[in-house]
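>>> The sequence and its predicted three-dimensional model are supplied below.
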2 protein chains.
Amino acid sequence: MTKIEGWTQSYIDRINSALESSIPKDKDILTQAIRYSVLSGGKRLRPLLVYLASELGSAPTEAQDNVGCSVELIHCYSLIHDDLPAMDDDSLRRGKPTCHKKFGDAIAILAGDALQPLAYTLITESNQIEDKTKVKLVSILSKACGWDGMVEGQILDISDHDYFSLEELDSMHMKKTGILIIACLEMGGMISDLPEPEIKLLKQFGKKVGLAFQIRDDVIDLESPPEVSGKAQGSDLIKEKLTYPSLIGIKASKERAIELSEEAKEFAKKLSGDSNKLIKLCDFIVQRDY
Amino acid sequence: MTKIEGWTQSYIDRINSALESSIPKDKDILTQAIRYSVLSGGKRLRPLLVYLASELGSAPTEAQDNVGCSVELIHCYSLIHDDLPAMDDDSLRRGKPTCHKKFGDAIAILAGDALQPLAYTLITESNQIEDKTKVKLVSILSKACGWDGMVEGQILDISDHDYFSLEELDSMHMKKTGILIIACLEMGGMISDLPEPEIKLLKQFGKKVGLAFQIRDDVIDLESPPEVSGKAQGSDLIKEKLTYPSLIGIKASKERAIELSEEAKEFAKKLSGDSNKLIKLCDFIVQRDY
């Protein structure tokens, strides 16, 4: 198993600690469901991208944590809802029963519904972000989550696919995963006041790395056993989902992911700041088994 | 049937037209579900409160419309999710099949999921609201929708109730309905730059009127036939929901609603601006049959 490299651990610890303080602590069932889903591990790729992008400049610590938490909460909400019986009907997530399996469908729907606004609250309540930047952050995040962003991606993902071209698959992946990944990089750059051309490079990097990430995800579904991936193996195959391997085969999918990660590196190298960690992350993304 | 009085029609027409322009127009199934649910009529009470509160000062037209739409979209999202089989399992809403009855559970979940961020996008994209006000609006709205706001209200509403006091019922109503109604008044006042004491009065007004509204809703469930209310009659009773009539009976519930609406009027009368319409609205709220 390719574990995420050691250098990322301090970021993961940091976001886990920030998430722990950002989510409710009551003992009621909603809070239990929220804490169960948010604090269940995970790669924390999205906040990691916020941290790495913002480290190209000098964002205040609290701003990084708040924005990192907000994107992770959005990601967690989308996982909870995607796993519901009406959607992907998945039982296993991060090696544990999915939220609705443990707490029931109603609580899972409501946990997701509560995580979404909490993401916006975290941005607006931050003490170290200027109002004009907060407005931009909320705008970017809310559009990424919207009807022509993540939600449309999920609609395409659960639709029947009689015929689909590679371009259409790329477009689905872009909406379902890519837009939020790009948003992480843009938001990270923004809280560090990076100049517009740098943010543009980050977004180009994000577009490549987001697609590479999703193709690798498709491969992991086929190749990684549950004890490694934390998810049921072959789940996409059973549900006849449209994936990269289903369209072009496993070998070509792996090659395409690597190609995209190399293209991503090229954009990272053009950044003015030290982009070494972003470059290293590209390798992890296409080598990971989970 | 007590129809909402004629003077409100111009506001209803205005919000319907603003909603029509604010939501997506594509022809895909998600857009169809969103348009079906958002443009299906309804009292539009929440945007009406935004308009009336903001008219105490002088908010720009576009700001009123955007904030009015944002609160109505949040309300629509909550209705779609509350109606789901895993929650209230309702088949009829505004006299038509509920969103999931028409489009299926997955699309209904996703339509709600898409309406929530669109509410925040509308605020951030407004051209006539200052950034510092936008941040406050997003903060108020996201907290009202959150884990200790609307979502907690819905959790309490679908929970089993062995014993509940009137105070606990009031608290449930406050979270499920009251917080968003108060938010409408606060946000309306804010885009008109009303001074803090005026906004405080509006919130006190909202607390009373919100509870009166919800008690009247409980009564309507028992007394109004579907062709008037647009909802199944006796639905709360069948589901053994905790309501005002179930705790203190219909007569006392009606009296309590009127009492609260009179208390609301007292706060409205203290406002510096012309609060005549807010006062008239109090009568509609406790006399309506739908």
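Done, it's in.
>>> and the gap between the residue nearest to A:I258 when sequence neighbours are not counted and A:V219?
Closest residue to A:I258 apart from its sequence neighbours, by C-beta to C-beta, 6 or more residues apart in numbering or on different chains: A:V286 at 5.3 Å. C-betas here are computed from N, CA, C, even on glycine. Separation of A:V286 from A:V219 (C-beta to C-beta, to the nearest Å): 9 Å.
>>> Which residues outside the host helix or strand of the residue nearest to A:I258 are in contact with it?
Element membership for A:V286 (DSSP states H and E) is helix A:276-287. For helix A:276-287, contacts defined as C-beta atoms under 8 Å, 6 or more residues apart in numbering or on different chains pick out A:2, A:4-5, A:7-8, A:45, A:48-49, A:52-53, A:55, A:205, A:209, A:212-213, A:216, A:254, A:257-258, A:260-262, A:264-265, A:268-269, A:271.
>>> Find me the pLDDT at the spatially most central residue of chain A, would you?
Closest residue to the average C-alpha location of chain A: A:R46 at 4.7 Å, with C-alpha atoms, centre = their mean. Predicted confidence (pLDDT) for A:R46: 97.
>>> do you know how far it is from B:I12?
41 Å.
>>> cool, A:G153 as well?
Using C-beta to C-beta, A:G153 is found at 35 Å from B:I12.
>>> isn't A:D221 right up against A:I238?
No. With contact defined as C-beta atoms under 8 Å, A:D221 does not count as touching A:I238 (9.8 Å).
>>> neighbour-wise, which of the two wins?
Using other C-beta atoms under 10 Å in any protein chain shown, the more surrounded residue of A:D221 and A:I238 is A:D221, with 21 against 10.
>>> Okay, helices next: where are they in the stretch 151-290 of chain A?
Assigned by DSSP state H, counting those that start in this stretch, the stretch 151-290 of chain A shows helices spanning A:166-173, A:179-191, A:196-223, A:226-229, A:235-238, A:244-248, A:250-269, A:276-287.
>>> Point out the other elements, helices or strands, that the fifth one touches.
In terms of contacts (3 or more C-beta pairs under 8 Å, 6 or more residues apart in numbering or on different chains; DSSP states H and E), helix A:235-238 is packed against helix A:196-223.
>>> where does A:S17 fall, helix, sheet strand or coil?
Classification of A:S17 using DSSP: H, G, I helix; E, B strand; the rest coil returns helix.
>>> Name the helix or strand for A:H75, please.
Using DSSP H and E, A:H75 sits within helix A:61-82.
>>> And chain B, is that helix touching that?
Yes. Helix A:61-82 comes into contact with chain B (C-beta under 8 Å from any C-beta of the partner chain), by way of A:H81.
>>> Specify the angle between that helix and helix A:179-191 in degrees.
Angle, helix A:61-82 to helix A:179-191, by axes from the mean of the first three to the mean of the last three C-alpha atoms, to 10 degrees: 170 degrees.
>>> Who are the packing partners of helix A:61-82?
Judged by 3+ C-beta pairs under 8 Å, 6+ apart, helix A:61-82 is in contact with helix A:9-22, helix A:29-38, helix A:45-54, helix A:105-125, helix A:131-144, helix A:150-158, helix A:179-191, helix B:105-125.
>>> residues of it that come out buried?
Neighbour counts using 16 or more other C-beta atoms under 10 Å in any protein chain shown place A:63-82 of helix A:61-82 among the buried residues.
>>> I'd assumed A:S78 was in contact with A:R93.
No. With contact defined as C-beta under 8 Å, A:R93 does not count as touching A:S78 (11.7 Å).
>>> Run a quick neighbour tally on A:E227.
10.
>>> Apart from its chain neighbours, what residue comes closest to it?
Excluding the flanking residues, the one nearest A:E227 by C-beta to C-beta, 6+ apart is A:G95, at 7.4 Å.
>>> residues contacting that neighbour?
By C-beta under 8 Å, 6+ apart, A:G95 lies in contact with A:41, A:226-227, A:230.
>>> Repeat that for A:W147.
Applying C-beta under 8 Å, 6+ apart, the residues near A:W147 are B:24, B:30-31, B:34, B:114, B:118.
>>> cool, and A:Y120?
By C-beta under 8 Å, 6+ apart, A:Y120 lies in contact with A:70, A:138, A:141-142, B:120, B:138-139, B:141-142.
>>> residues from the stretch 101-250 of chain A in reach of chain B?
A:104-107, A:109-110, A:112-114, A:116-118, A:120-121, A:123-125, A:131-132, A:134-136, A:138-139, A:141-143, A:145-148, A:151-152, A:154-155, A:158.
>>> Would you mind checking the residues you listed for buried ones?
Listed as buried from these are A:105-107, A:109-110, A:112-114, A:116-118, A:120-121, A:123-124, A:134-136, A:138-139, A:141-143, A:145-148, A:151-152, A:154-155, A:158; burial here means 16+ other C-beta under 10 Å.
>>> Overlap in contacts, A:V286 and A:V219.
By C-beta under 8 Å, 6+ apart, A:V286 and A:V219 have these common neighbours: A:254, A:257.
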